[in-house]
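Asks: Please find the sequence and the predicted model below.
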Amino acid sequence: MKVAIVGGSGYTGGELLRLLLRHPKVEVGQVTSDSMAGKPVSRAHPNLRKVTDLVFTPHADLDPCDLLFLAMPHGRSIARIPEFLVRAGKVIDLSSDFRLKDPALYREYYGVDHPRPDLLAASVYGLPEIHREAIRRATLISGPGCIATAAILAIRPLLKAGIIDDERLVVDAKTGSSAGGLDGGPASQHAERSGVMRVYAPAGHRHTAEIEQEAGGKIALSCHAVEAVRGILATCHAFLKDSVSTKDLWKIYRDAYGQEPFVRIVTEASGLYRFPEPKILAGTNFCDVGFALDAHAGRVVAIAALDNLMKGAAGTAVQCMNLVAGYPETMGLEFLGLHPV
Ligand SMILES: NC(=O)c1ccc[n+]([C@@H]2O[C@H](COP(=O)([O-])OP(=O)(O)OC[C@H]3O[C@@H](n4cnc5c(N)ncnc54)[C@H](OP(=O)(O)O)[C@@H]3O)[C@@H](O)[C@H]2O)c1
């Protein structure tokens, strides 16, 4: 399969390249960047030195291919999407341009009317754990947000089981700096970021809408910037309708994820890594999901951790590509991570 990446000089573009260059069934034909056109891709992604001779081509110079990955900032895909769909039969867009189904919700969270509501309806939210069969048949796949992926995978099983109050669900997310992209602005500069524990979105974060769309419930999301390059940790506070046991919770999560290749249930009685932790997931496509029962407060604490550039972006996108192409879902995504790291 011949693929190309539009917006390949950034963080998710680099991660896509890292995965696709070693994927046994894929040839990367083109990677675009205007700022680095003509330069070798290893200039932007030094981890790819001596791995490929690819050079960046300008964004406008796209040849036909079988599948196109879009790794551009929000708002850039929409205008060119008709051209992209002609150039490639299938498109996987990592931005938030096509994630929300409801145009009114898009206006509420992004402040403008969506110019192609027809494509909002036609696109598939690219989270295989929820939409596996639709992804296989999709033409336009919209990659989920990184915080949204963690929150959805943590709380959806509880909401589906009907055991929690769906009007009172608090998601507390911690985010590494690479989630802001290569040009994350002053907040990503070392002097401002180093040692940080900053509430950057106490309310109103755009991923709220995605989480509600895909998991259900009314979500109160607060986001924090922390001292990490990669990683999302979502700690979700769900209030029980009736009392449940830890055994009940195990069953709910096992039923949801027992067969999932990239979701692991992590709730241990002892040890350092008793609950999901992004540190040991760097570079992997795993989302670790765990839980703790707080009988005192009538609460379940649902926890999810992932690497924002992998299961939160490029990893899930490659997982979707595997589904579209009919390859084994885990192909090219087998990296197990490092410990210690
Ligand atoms: N970072 C994450 O953890 C994460 C997770 C999930 C989803 N996402 C989404 O993925 C997308 C890419 O994020 P990122 O972190 O990789 O961003 P990034 O590091 O800022 O990279 C942006 C890329 O987009 C290209 N670009 C800029 N304007 C463009 C245009 N008009 N047409 C085509 N390409 C253009 C840039 O190319 P030039 O070299 O020409 O500037 C660069 O290659 C965003 O929409 C983001 O919301 C990111």
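Replies: Thanks, I have the structure now.
Asks: Tell me the confidence at residue 183?
Replies: Model confidence at residue 183, given as pLDDT, is 87.
Asks: Break down the stretch 201-341 of the chain into its helices, ranges please.
Replies: 207-215, 246-257, 315-325 (DSSP state H, counting those that start in this stretch).
Asks: Close to the ligand: what parts of the stretch 201-341 of the chain are there?
Replies: Taking CB under 6 Å from any ligand atom, the part of the stretch 201-341 of the chain that reaches the ligand is made up of 308-309, 312-313. (Glycine included, C-beta is placed from N, CA and C.)
Asks: out of those residues, which are inside strands?
Replies: Of the positions in these, not one sits in strands, assigned by DSSP state E.
Asks: one step back: between the helices of the stretch 201-341 of the chain, which one is nearest to residue 42?
Replies: helix 315-325 (20.1 Å; CB to CB).
Asks: And that closest one, what's buried?
Replies: 315-325 (16 or more other CB atoms under 10 Å).
Asks: that older thread, can the residues of the stretch 201-341 of the chain next to the ligand go into a markdown table with extra columns for neighbour count and pLDDT?
Replies: Formatted as a markdown table, those follow (neighbours: other CB atoms under 10 Å; pLDDT from 0 to 100):
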| residue | neighbour count | pLDDT |
| --- | --- | --- |
| 308 | 31 | 98 |
| 309 | 24 | 98 |
| 312 | 32 | 98 |
| 313 | 26 | 98 |
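Asks: ok, so of these, who is nearest residue 247?
Replies: The closest of these, once distances to residue 247 are taken by CB to CB, is residue 312, at 30.6 Å.
Asks: what residues are up against the closest one?
Replies: Residue 312 is in contact with 144-147, 149-150, 179, 232, 306, counting by CB atoms under 8 Å, 6 or more residues apart in numbering.
Asks: Going by residue numbers, what spans are strands in the stretch 51-200 of the chain?
Replies: With DSSP state E, counting those that start in this stretch as the criterion, the stretch 51-200 of the chain has strands at 65-70, 88-93, 124-125, 140-142, 164-175, 197-201.
Asks: ok so, going back, output the buried residues of helix 315-325 as CSV; include the columns pLDDT.
Replies: Output for these, formatted as CSV (pLDDT from 0 to 100):
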residue, pLDDT
315, 99
316, 99
317, 99
318, 99
319, 99
320, 99
321, 98
322, 98
323, 98
324, 98
325, 98
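Asks: quick one, what contacts the residue in the chain positioned nearest to the ligand?
Replies: Closest to the ligand within the chain is residue 10: 1.8 Å, counting by CB to the nearest ligand atom. Going by CB under 8 Å, 6+ apart, residue 10 touches 71, 181-182.
Asks: List only those of these flagged as buried.
Replies: Buried among the contacts of residue 10 (16+ other CB under 10 Å): 71, 181.
Asks: Any chance of the contacts of residue 10 in a markdown table with distance to the ligand as columns?
Replies: Listed next are these as a markdown table, based on distance: CB to the nearest ligand atom, whole Å:
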| residue | distance to the ligand |
| --- | --- |
| 71 | 5 |
| 181 | 3 |
| 182 | 3 |
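Asks: Can you flag which of the contacts of residue 10 belong to helices?
Replies: The members of the contacts of residue 10 all map outside helices under DSSP state H.
Asks: what's the closest of the contacts of residue 10 to residue 225?
Replies: residue 181 (13.4 Å).
Asks: The closest one and residue 74 touch, don't they?
Replies: No. At 9.9 Å, residue 181 does not count as touching residue 74 under the criterion of CB atoms under 8 Å.
Asks: returning to that earlier point: so which of the helices of the stretch 201-341 of the chain comes closest to residue 53?
Replies: Of the helices of the stretch 201-341 of the chain, nearest to residue 53 by CB to CB is helix 315-325, at 21.5 Å.
Asks: From the contact counts, what lies against that closest one?
Replies: Applying 3 or more CB pairs under 8 Å, 6 or more residues apart in numbering; DSSP states H and E, we find helix 315-325 packed against helix 11-20, strand 65-70, strand 88-93, helix 128-137, strand 140-142.
Asks: No further questions, thank you.
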